[in-house]
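S.K.: Sequence and predicted structure are below.
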Amino acid sequence: MKTAATLKIVIVGHVDHGKSTLVGRLLHETDSLPDGKVESLREVCERRGMPFEWAFVMDALQAERDQGITIDTAHIPFHSSLRPYVIIDAPGHKEFLKNMITGAANADAAVLVIDALEGVREQSRRHGYLLHLLGLRQLAVAVNKMDAVDFSEQRFAEVSAEIRGYLASIGVTPTEIIPVAARHGDNVVGRSANMDWYQGPTVIEALDRFAASVSEIDRPLRFPVQDVYKFDHRRILAGRIESGRLKVGDRLLFSPSGKSARVASIETWNSAAPVIAAVAGQSIGVTLDEQIFLERGQIASLLDSAPIGTEQFRARLFWLGRAPLQLGRRYKLKLATAEHWVTAEAIERIIDVTDLAISEGDTVERNAVAEVLFRGHGKLALDSFIDNPRTGR
């Protein structure tokens, strides 16, 4: 029987809306915590004279317990009855937005947590927009802390309408909107007796309804050259296959140089038998049937599915730099193993993620979203993000 592929889920939301509490409770309800974990955390809380919180299951850093906010992305595996998961608990505080993006960029689907009492806040909108920006199309919403509003169906309807309207304005349709009281376990795994008016799925059921992610193996071959090593008479091109597959005898096209050669051998470490094929996720070396000069940053593909070769490209970006992005200034673009100098040729629009207002300008401030036209100082090899996120971001 084939084992189901692991699905990576990121949990996001405004600070203090209960993301880590939801994750902690979810892990507990699915028996995914190590034996004695909850008991040891309760003892720590007692020694410190503070009440036990389910959030402490994920908030593993000392500084987090002291400050009461998640400041890093934590990864922890668990299983439902359907498949394995990796939960990514991302920080909601604005100061740690970069950490949140790091976590979300590696996820297959997301859960946006909203406090039933506070409703949709600035970071709720920002996180929703960033998930859209990162290409996550599978999104469930958990309206948490329903116990704080006496499990009110009316309040749930109000918050649901507000977040559904915002997400619709950016082209996102949530798969589910679930009323939850994570601290008490209502609608996390088991159905809540306090909200018999709700007939939809629980959180775990919503996760199980997410579609499996597209396997990187099924995408076109992208093998960025990390380095070139010379052993005796052989030149070995080393790197990690980001997507697709290759085998001995394949004719490779290297972009953006346009050079081509066949794979003579595939070199791996600690392999007892000759390797004749490799797939996405493997770090390998290849030798070619002819000596051609190649450098770090070239991307190998099959002849019929090459990346785009261009000097100009349009990017939608979330700017995290301390100094604003400026029109006409040069920046270093890192794409796979390549580094390119590019110039911001046009700032086409700047988007306020709180109300989706569009403005123009010659600078993009920190934590702003913008669509920018860049020009390289030479030809670049890249893909549209929709076609291949590995070489499109």
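M.R.: Happy to help now that I have it. Numbers count the residues shown, from 1 in each chain.

S.K.: where do the helices sit along this protein?
M.R.: 19-29, 37-48, 62-67, 97-104, 122-133, 153-169, 203-209 (DSSP state H).

S.K.: average model confidence for the shortest one?
M.R.: Over the span of helix 62-67, the pLDDT mean works out to 42.

S.K.: Kindly report the same for the second one.
M.R.: On average, the pLDDT along helix 37-48 is 68.

S.K.: Comparing the helices of the chain by mean pLDDT, which bottoms out?
M.R.: For those, the stretch scoring lowest in mean pLDDT is helix 62-67; its value is a mean of 42.

S.K.: neighbours around the nearest residue in space to Pro77 that is not next to it in sequence, how many?
M.R.: Counting by C-beta to C-beta, 6 or more residues apart in numbering, Pro77 lies nearest to Val86, which is 5.3 Å off, once chain neighbours are set aside. (Each C-beta comes from the backbone N, C-alpha and C, glycine too.) Here the number of neighbours of Val86 (other C-beta atoms under 10 Å) works out to 16.

S.K.: cool, Ala280 as well?
M.R.: Residue crowding around Ala280 was assessed by other C-beta under 10 Å; the count is 20.

S.K.: Look up the closest residue to it, ignoring the ones flanking it.
M.R.: In space, and not counting its chain neighbours, Ala280 is closest to Glu216: 3.9 Å by C-beta to C-beta, 6+ apart.

S.K.: For burial, what's the neighbour tally of that neighbour?
M.R.: Counted with other C-beta under 10 Å, the neighbours of Glu216 add up to 18.

S.K.: surely Leu134 meets Ala109?
M.R.: No. When contacts are counted by C-beta atoms under 8 Å, Leu134 is not listed as touching Ala109 (11.5 Å).

S.K.: pLDDT value on Pro389, please?
M.R.: Residue-level confidence at Pro389 comes out at 85, pLDDT.

S.K.: ok, now how distant is it from Ala336?
M.R.: 11 Å (C-beta to C-beta, to the nearest Å).

S.K.: ok, those two, which is more surrounded?
M.R.: Neighbour comparison, Pro389 and Ala336: the larger count goes to Ala336, with 23 against 18 (by other C-beta under 10 Å).

S.K.: Next, the contact list for that one, please.
M.R.: With C-beta atoms under 8 Å, 6 or more residues apart in numbering as the criterion, the residues that contact Ala336 are 222, 224, 242, 297, 299, 390-391.

S.K.: Mind pulling up the pLDDT for it?
M.R.: Turning to Ala336, the model gives it a pLDDT of 93.

S.K.: One more: Ser255?
M.R.: In this model, Ser255 carries a pLDDT of 96.

S.K.: Just list the residues touching it, thanks.
M.R.: Contacts were defined as C-beta under 8 Å, 6+ apart; by that measure Ser255 touches 298-299, 301, 306-307, 309, 381.

S.K.: now do Phe374
M.R.: When the contact criterion is C-beta under 8 Å, 6+ apart, the partners of Phe374 are 312-315, 331, 333, 342-345.

S.K.: That one pairs with what?
M.R.: Phe313, Ala344 (DSSP bridges).

S.K.: What of Ala381?
M.R.: According to DSSP bridges, Gly309 are recorded as the beta-bridge partners of Ala381.

S.K.: Touching, it and Ala338? I think so.
M.R.: Yes. Ala381 sits in contact with Ala338 when judged by C-beta under 8 Å, with a separation of 7.5 Å.

S.K.: what touches both of these two?
M.R.: Contacts common to Ala381 and Ala338, judged by C-beta under 8 Å, 6+ apart, are 298-299.

S.K.: How far off centre is stretch 202-209?
M.R.: What separates the centre of stretch 202-209 from the centre of its chain is 19 Å, taken as C-alpha atoms, centre = their mean, to the nearest Å.

S.K.: Pull it out as PDB, backbone CA atoms only.
M.R.: Coordinates of the C-alpha atoms in stretch 202-209 are reproduced here as PDB (Å, rounded to 0.1, in the frame of the first residue of the first chain):
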ATOM      1  CA  THR A 202     -13.800  20.200  12.200                       C
ATOM      2  CA  VAL A 203     -10.200  21.600  11.800                       C
ATOM      3  CA  ILE A 204      -8.700  18.100  11.200                       C
ATOM      4  CA  GLU A 205     -11.500  17.200   8.700                       C
ATOM      5  CA  ALA A 206     -10.800  20.500   6.800                       C
ATOM      6  CA  LEU A 207      -7.100  19.600   6.700                       C
ATOM      7  CA  ASP A 208      -7.900  16.200   5.300                       C
ATOM      8  CA  ARG A 209     -10.000  17.800   2.600                       C
END
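
S.K.: what does that stretch contact?
M.R.: With contact meaning C-beta under 8 Å, 6+ apart, stretch 202-209 is reached by 7, 9, 22, 26, 29-30, 80-83, 85, 109, 111, 140, 142, 175-176, 178, 180, 187-191, 201.

S.K.: lowest confidence element among the helices and strands of this protein?
M.R.: Among the helical and strand segments of the chain, the one scoring lowest on mean pLDDT, DSSP states H and E is helix 62-67, with a mean of 42.

S.K.: Can you give me the first-to-last residue distance of stretch 183-195?
M.R.: With C-alpha to C-alpha, to the nearest Å as the measure, the ends of stretch 183-195 fall 15 Å from one another.

S.K.: Show me which positions of it end up buried.
M.R.: Of the residues in stretch 183-195, those buried by neighbour count under the rule 16 or more other C-beta atoms under 10 Å are 183, 185-189, 192, 195.

S.K.: which of the residues you listed lies closest to Arg251?
M.R.: Each of these was scored against Arg251 by C-beta to C-beta, and Val189 proved nearest at 51.6 Å.
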